[in-house]
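Asks: no letters, just coordinates:
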């Protein structure tokens with residue numbers, strides 16, 4: 001639950017997707033990404049909430065053992081958005097709730113993929 005003095009998250013645009021944190025690490029990571037690259041973070045937020053499955057050089061599904069993840073007891077496909085050369089946002093797509101769950105945000109390249 002947000003607290004006093006925290007940033008206010010905008011509601012989804014008409015036809016857009018709700019964007020929520022799936023983990024407390026994602027909360028911390030998102031704050032770091034926003035501090036390190038605020039303009040890129042804003043573009044990422046807009047693109048993900050507009051179309052979480054838009055495939056291009058920055059936005060694509062993760063592969064192998066990272067291609068899905070359990071969120072709230074439901075296995076969902078997991079995607080990645082490349083915020084900067086090393087910075088990443090990982091998220092899962094819940095079509096039933098039209099919600100994107102941020103599972104991680106990293107200023108540097110995530111060690112999990114090495």
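Replies: Looks like it came in fine. Note that the structure is a prediction, hence the values are computed from the model and not measured.

Asks: next one: whichever strand or helix holds residue 35 to chain centre, how far?
Replies: Secondary structure from DSSP states H and E places residue 35 in helix 24-36. Taking C-alpha atoms, centre = their mean, to the nearest Å, the mean C-alpha location of helix 24-36 is offset from the chain mean by 10 Å.

Asks: what does it rub up against?
Replies: 21, 41, 83, 84, 87, 89, 102, 103, 104, 105, 106, 107 (C-beta atoms under 8 Å, 6 or more residues apart in numbering). Where you see a C-beta, it was placed from the backbone N, CA and C, and this is true even at glycine.

Asks: I only care about the residues you listed that end up buried; give me the PyMOL line for that.
Replies: To isolate the buried ones among the contacts of helix 24-36 in PyMOL, judged by 16 or more other C-beta atoms under 10 Å, type:
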select buried, resi 21+41+83+84+87+89+102+103+104+105+106+107
